[in-house]
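Participant: I need the structure of the sequence given here:
(one chain, ligands or ions: 4)
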Amino acid sequence: MTGVNEIRTAFLDYFNKNGHEIVASSPLVPRNDPTLMFTNAGMVQFKNVFTGAEHRPYSRAVTAQKCVRAGGKHNDLDNVGYTARHHTFFEMLGNFSFGDYFKDLAIELAWNLVTREFGLDRDRLIVTVYAEDDEAHGLWKKIAGLSDDKIIRIPTSDNFWAMGETGPCGPCSEIFFDHGPHIPGGPPGSPDEDGDRFIEIWNLVFMQFEQVTPDERVSLPRPSIDTGMGLERIAAVLQGTHDNYQIDLFRHLIAASVELTGVPAEGAHGPSHRVIADHLRASAFLIADGVLPSNEGRGYVLRRIMRRAMRHAELLGVREPLLWRLVPVLVAEMGRAYPELVRAEPLVTETLKLEETRFRKTLARGLDLLNEATAGMAAGAELAGETAFKLYDTYGFPLDLTQDALKSRGIAVDTAGFDTAMARQREDARRAWAGSGEAATETVWFALRDRAGATEFLGYDTETAEGVV
Ligand code: ATP
Ligand code: MG
Ligand code: MG
Ligand code: MG
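Facilitator: Ligands and ions are numbered 1, 2, ... in the order given. Predicted structure coming up:
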């Protein structure tokens, strides 16, 4: 069986042999883009190379990029624990051409890697193309010999990528693996495409246009290639499972969580073990890249991830801080590929221990309140926004933790009511402060916060740039 570490190396070596420079992952906090909360795709570190603003001594590159999708446009936080294919932190394998090769070689390289090097059964592969992209359709036929029914035309923005309102853009083409009829889910473009039977493993973006203004699009003189393949997803395929959480790396993390809690991974508590393993990884990598838990911005997203995992630890009946005890397992799995994790191990351990110790003080009482407030509620009911706000304000429950806690019972949260309660509290604080006579400070402080926007201030939804393949 091929482990995650070998697959990563095989990918980098394959493209390196094909003339690509191996470039290290950039940090999770983007250096070149203040509008983006976290690096969420391999192309992020190359944005300025694609626009031509920056030049590199190579025109082909390959990376294994650390990514976090837990906020903003690409937020997979709610999926974790419930789909077989989503993580908050994952590695995106990608090859890039900066005005060098284009569609034909990109398709050929990708097809040869999956079918020859990785030896995937070609009958279980399907691809999508953008509906208008006849060129890509023809190339898949010619290069891969795929029949028309295996090349699905998708007319939606799912298969058209854009860097932002303006800038490089173009059609994309995705490779899916069919894990078989025993897994629920339909092919891409079908109504039940969100199942886990047909899993998207690789996205190839063909950057061939530039959006100059919202109404004007021109062809790029030297089109580029940007691709992204989820390492955990290709590892699942190569290890004969449809489930990312069954790959070597996650099996080891979950086995440790099972051992420490004494609760089996099979059955009702499965999702909790998955959430813990996933969120531990995201937390550790974020801390290693300099993010610390706080009440705003990136730090608040980290706090939400950590606390969500801590509630799941509570569900497993654990009464002592758990997450920090899993750190050595993670470091053993990933420390060689990411030395920053080894360097940050003490900080990661201490940060997790401290946050969990603190949160434990209010977690159980908050859960009691939540249980009382929802006693007798049936699926389809809604928790009052006021209560969700009290849980947030008094017990430190991020809104999505409350939502997650009610998910299995089919109870929703009145988020508009939550926002209203939050706004009211702010207004009260503003008035109290105004009354204190410190008008000058107040003006500056509230102006700053208002400029950041209420949601950003809380760390919700701050990602605006579409820096994703
Ligand atoms: P999906 O439709 O499954 O949510 P996506 O279309 O959002 O995936 P892309 O933005 O195209 O994903 O990213 C490129 C690749 O990165 C995907 O083909 C997939 O292999 C991987 N990937 C994306 N999101 C995740 C995630 N949350 N966890 C693990 N791998 C992911
Ligand atoms: Mg997605
Ligand atoms: Mg997709
Ligand atoms: Mg995609």
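Participant: count of neighbours near the residue in the stretch 301-450 of the chain positioned nearest to ligand 1?
Facilitator: Here the stretch 301-450 of the chain gets closest to ligand 1 at one residue, I305, 12.9 Å apart by C-beta to the nearest ligand atom. (Each C-beta comes from the backbone N, C-alpha and C, glycine too.) Neighbours of I305 under the rule other C-beta atoms under 10 Å: 29.
Participant: beyond the strand or helix carrying it, next helix or strand please.
Facilitator: For I305, the host element (DSSP states H and E) is helix 297-315. Counting by DSSP H and E, the next helix or strand C-terminal to helix 297-315 is helix 327-334.
Participant: just the residues contacting that next one, thanks.
Facilitator: Applying C-beta atoms under 8 Å, 6 or more residues apart in numbering, the external contacts of helix 327-334 come out as 4-5, 248-249, 252-253, 256, 280-281, 284, 341-342, 345, 348-349, 352.
Participant: in PyMOL, how would I select just the buried ones from those residues?
Facilitator: The PyMOL selection below is limited to those of the contacts of helix 327-334 classed as buried (16 or more other C-beta atoms under 10 Å):
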select buried, resi 4+5+248+249+252+253+256+280+281+284+341+345+348+349+352
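Participant: contacts with ligand 1 among the contacts of helix 327-334, please.
Facilitator: When those are checked against ligand 1 using C-beta under 6 Å from any ligand atom, none falls in range.
Participant: sitting in helices, which of the contacts of helix 327-334 do you find?
Facilitator: 4-5, 248-249, 252-253, 256, 280-281, 284, 341-342, 345, 348-349, 352 (DSSP state H).
Participant: ligand 1 contacts on the stretch 1-150 of the chain?
Facilitator: Residues of the stretch 1-150 of the chain lying near ligand 1 (C-beta under 6 Å from any ligand atom): R69, D76, R85, H86, H87, F90, M92.
Participant: over to the residue in the stretch 201-350 of the chain positioned nearest to ligand 1: give its phi and psi.
Facilitator: Ligand 1 sits closest to G230 of the stretch 201-350 of the chain, with a gap of 2.7 Å, by C-beta to the nearest ligand atom. Phi and psi for G230, reported as degrees, to the nearest 10, are phi -70, psi 120.
Participant: which pLDDT value goes with it?
Facilitator: G230 is assigned a predicted lDDT (pLDDT) of 98.
Participant: please name the nearest non-neighbouring residue to it.
Facilitator: Closest residue in space to G230, ignoring its immediate chain neighbours: F90 at 5.6 Å, by C-beta to C-beta, 6 or more residues apart in numbering.
Participant: cool, and F11?
Facilitator: Using C-beta to C-beta, 6+ apart, the closest residue to F11 is L93 (4.6 Å).
Participant: CA atoms only for whichever strand or helix holds the one you found - export them in PDB, please.
Facilitator: Take DSSP H and E as the rule and L93 turns out to sit in strand 89-97. The C-alpha coordinates for strand 89-97 follow below in PDB (Å, rounded to 0.1, in the frame of the first residue of the first chain):
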ATOM      1  CA  PHE A  89      -6.800  21.400   6.400                       C
ATOM      2  CA  PHE A  90      -5.600  19.400   3.400                       C
ATOM      3  CA  GLU A  91      -2.700  19.300   1.000                       C
ATOM      4  CA  MET A  92      -3.200  20.300  -2.600                       C
ATOM      5  CA  LEU A  93      -0.800  18.800  -5.100                       C
ATOM      6  CA  GLY A  94      -0.400  21.000  -8.100                       C
ATOM      7  CA  ASN A  95       1.500  21.500 -11.300                       C
ATOM      8  CA  PHE A  96       1.700  25.000 -12.900                       C
ATOM      9  CA  SER A  97       2.700  26.400 -16.200                       C
END
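Participant: report the angle between the axes of it and helix 297-315?
Facilitator: With axes from the mean of the first three to the mean of the last three C-alpha atoms, to 10 degrees applied, the angle from strand 89-97 to helix 297-315 works out at 140 degrees.
Participant: show me what contacts the closest residue to P223 other than its chain neighbours?
Facilitator: Nearest residue to P223 in three dimensions, chain neighbours excluded: Q208, at 4.1 Å (C-beta to C-beta, 6+ apart). Neighbour list for Q208: F102, G170, P171, S219, L220, P223 [criterion: C-beta under 8 Å, 6+ apart].
Participant: so what does the nearest residue to the first one once chain neighbours are set aside look like in phi/psi?
Facilitator: Distances taken as C-beta to C-beta, 6+ apart put P223 closest to F102, at 5.1 Å, once the chain neighbours are dropped. When read as degrees, to the nearest 10, the backbone of P223 gives phi -70, psi 160.
Participant: need the contact list for P223.
Facilitator: G99, F102, G170, F206, M207, Q208.
Participant: ok, back up a step: burial check on the residue of the stretch 201-350 of the chain closest to ligand 1, number of neighbours?
Facilitator: Neighbours of G230 (other C-beta under 10 Å): 22.
Participant: need the distance between the two termini of stretch 73-86.
Facilitator: Taking C-alpha to C-alpha, to the nearest Å, stretch 73-86 runs 15 Å from one end to the other.
Participant: so how far is it off the chain centroid?
Facilitator: Remark: stretch 73-86 is offset 7 Å from the chain centroid, using C-alpha atoms, centre = their mean, to the nearest Å.
Participant: please verify my assumption that L406 contacts V413.
Facilitator: Yes: using C-beta atoms under 8 Å, L406 makes contact with V413 at a distance of 6.7 Å.
Participant: what do these two both touch?
Facilitator: Common neighbours of L406 and V413 (C-beta under 8 Å, 6+ apart) are L383.
Participant: if we can go back for a sec, mind putting the residues of the stretch 1-150 of the chain next to ligand 1 in JSON lines, neighbour count, pLDDT and distance to I276 included?
Facilitator: Shown next, in JSON lines, are those (neighbours: other C-beta atoms under 10 Å; pLDDT from 0 to 100; distance: C-beta to C-beta, whole Å):
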{"residue": "R69", "neighbour count": "26", "pLDDT": "96", "distance to I276": "18"}
{"residue": "D76", "neighbour count": "20", "pLDDT": "93", "distance to I276": "16"}
{"residue": "R85", "neighbour count": "20", "pLDDT": "95", "distance to I276": "18"}
{"residue": "H86", "neighbour count": "20", "pLDDT": "96", "distance to I276": "15"}
{"residue": "H87", "neighbour count": "27", "pLDDT": "98", "distance to I276": "13"}
{"residue": "F90", "neighbour count": "22", "pLDDT": "98", "distance to I276": "16"}
{"residue": "M92", "neighbour count": "27", "pLDDT": "98", "distance to I276": "23"}
